[in-house]
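Peer 1: coordinates only, sequence not included:
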């Protein structure tokens, strides 16, 4: 769909405000135009030769009701009062119009941002793997900001046409000859505005992309600040940022140059038209074809029309900038998710925790297989560990069960149902993951533990924290469970963060548990505490353990050894060590050192 129509749908969602804003804009334009009559009356009052030609004034003077000077002063007084009376409602209408338009554009920006965030939640992990976080954030901030900043343009779009049409009508009523002269410049101004704004959308898009690059660079460098400092690369990063920032500046200046050319060009053309109007109009006054008061009124209306034309120049600039942002916004909203629920999707009931891979093949990129006809089962309550060299596909297996990706071939069954036939929410309600890198959110500790069950009772949160060996350190914190955590759980140790993650999984109470190297980043002391909590978490649940550590392998009912996307060995710990195969080699090279320690 045309982005203009899509954007209009967001605007029309607030049509009541738009209608009131439109009415107030029209009334404001009417007040502006009525000022033209005030100028004609003022000129007549100052120029005594004109006022005596008015029929009502002539009648009063002839019948001795008042003198000409008295009539002139009375008219000046009336004009003064009317000017005040006009500007008061004009100011009120202007406030109502401006506030409501700003309200609409900001509400539209909020609606768009909500839709973008909601849509992001539906996209698969593959989208985020190929998109920089800084670019996504830029679209939700800078590009939406272009829409929100368009409020002034919307105001001009309401009163501009009214001022031009009614102004031209008034000008023709005063003098059709001068009006034709003025209209001659309109197509010239329109052509100039179109030519100057023709490339503005692409220049604005380029500016937004370069600004997003800066945003992405900042995000990346802050996330990697430890590496930067540990390698002493601060100066190098400053130089890299300077280059990205300079590219953004160059793009912004190109767009600004084109945008700022519009109004001066319109001013020049309007100035030429105004000068010719004054020259020819003055000549017509000298010849007696038009009175001075009407010429002043015509010039006032001409400047109103010219000002409205200038507004259209500014409006065209805002329009191109807004549509540049809209194009990028709708590009994101049009990104299709391949993780769609089947119309007849199954809702899982009486889940026991049975998982089966049947000849599963998977590839992130075409013709680059990660899993190759992989088959295995996890029975209810069974703990299955997967080990293997780096790149064997272990973590990929963990991501496929909750359907973070769709497989290339084969089937993954949960409770005998293909995961593609199960409603996503129903599937993921039965699964909890404890990853290697624990993700905690800004908020309280209690809110993080209850992330999967926002309505959980405080007593339930405390119970699972105790089971996860987390209650003791939480209780010692300044505000206990109400302690606010910084971004990512700053201020907590790795072991503490992991125990909160385990408590979160316990509270969800899933039937299927995935531990993706859950203790690999912990020291020996923390690992013991966390492992004890994990043992409690695994009880009665079907558990898939992606492991590098000996402690998480020995307790498994079954160990699968993967290499190049396939299971090459399967058995208990003792069986695999004694066979002299790949697991035995891994044990000797990786695990024995741990056992000695």
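Peer 2: Everything's here; your move. The structure presented is a predicted model; accordingly, all values stated were derived computationally and were not measured.
Peer 1: Torsion angles phi and psi at residue 222?
Peer 2: Recorded main-chain torsions at residue 222 are phi -70, psi -40, according to degrees, to the nearest 10.
Peer 1: I'd like the distance from it to residue 573, if you could.
Peer 2: Between residue 222 and residue 573 the distance is 42 Å, computed by C-beta to C-beta, to the nearest Å. Placement of C-beta: from N, CA and C, glycine included.
Peer 1: Name the residue in the two with the higher neighbour count.
Peer 2: Residue environment comparison for residue 222 versus residue 573 gives the larger neighbour count to residue 573, 18 against 9, counting by other C-beta atoms under 10 Å.
Peer 1: Spit out the contact partners of that one.
Peer 2: Under the criterion of C-beta atoms under 8 Å, 6 or more residues apart in numbering, the neighbours of residue 573 are 553-554, 556, 559.
Peer 1: Buried among those? Make that a ChimeraX selection.
Peer 2: Here the buried members of the contacts of residue 573 are turned into a ChimeraX selection, burial being counted by 16 or more other C-beta atoms under 10 Å:
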select :553,556,559
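Peer 1: Can you lay out the contacts of residue 573 as TSV showing pLDDT and secondary structure?
Peer 2: Shown next, in TSV, are those (pLDDT from 0 to 100; DSSP: H, G, I helix; E, B strand; the rest coil):
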residue	pLDDT	secondary structure
553	78	helix
554	78	helix
556	85	coil
559	91	strand
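Peer 1: Show me which of the contacts of residue 573 is closest to residue 540.
Peer 2: Sorting these by how near they are to residue 540, with C-beta to C-beta, puts residue 556 at the top with 15.5 Å.
Peer 1: Can you tell me the SS state at the residue nearest to that closest one when sequence neighbours are not counted?
Peer 2: Nearest-residue entry for residue 556: residue 385, 3.7 Å, with adjacent residues in sequence omitted and distances by C-beta to C-beta, 6 or more residues apart in numbering. For residue 385, the secondary structure call by DSSP: H, G, I helix; E, B strand; the rest coil comes out as strand.
Peer 1: wait, doesn't residue 385 sit right on residue 547?
Peer 2: Yes: contact between residue 385 and residue 547 holds when scored by C-beta atoms under 8 Å: they sit 5.0 Å apart.
Peer 1: neighbour count winner among the two?
Peer 2: A direct count of neighbours by other C-beta under 10 Å for residue 385 and residue 547 places residue 547 higher, at 25 against 22.
Peer 1: Could you check how far residue 506 is from residue 446?
Peer 2: Using C-beta to C-beta, we find residue 506 at a distance of 14 Å from residue 446.
Peer 1: neighbour count winner among these two?
Peer 2: Regarding residue 506 and residue 446, a neighbour count based on other C-beta under 10 Å identifies residue 506 as having more, with 27 against 18.
Peer 1: correct me, but that one touches residue 470?
Peer 2: No: between residue 506 and residue 470 there is no contact, the gap being 9.9 Å when judged by C-beta under 8 Å.
Peer 1: coming back round to it: what is in contact with residue 385 and residue 547 at once?
Peer 2: Contact criterion C-beta under 8 Å, 6+ apart; residues shared by residue 385 and residue 547: 553, 556.
Peer 1: Same question for stretch 504-520: list its buried residues.
Peer 2: By neighbour count, and taking 16+ other C-beta under 10 Å as the criterion, the buried residues in stretch 504-520 are 504-508, 510-519.
Peer 1: ditto for stretch 568-587
Peer 2: Within stretch 568-587, the residues that count as buried by 16+ other C-beta under 10 Å are 569, 571, 573, 576-577, 582-584, 586-587.
Peer 1: got it, and stretch 438-450?
Peer 2: Of the residues in stretch 438-450, 438, 440, 444-450 count as buried by neighbour count, 16+ other C-beta under 10 Å.
Peer 1: can I see the domain layout of the chain?
Peer 2: The record's domain parsing of the chain by automatic domain parsing lists 3-333, 372-430+512-597, 438-509.
Peer 1: and these as TSV, adding distance to residue 360?
Peer 2: Converted to TSV, the domains of the chain look like this (distance: least, C-beta to C-beta, whole Å):
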stretch	distance to residue 360
domain 3-333	17
domain 372-430+512-597	4
domain 438-509	25
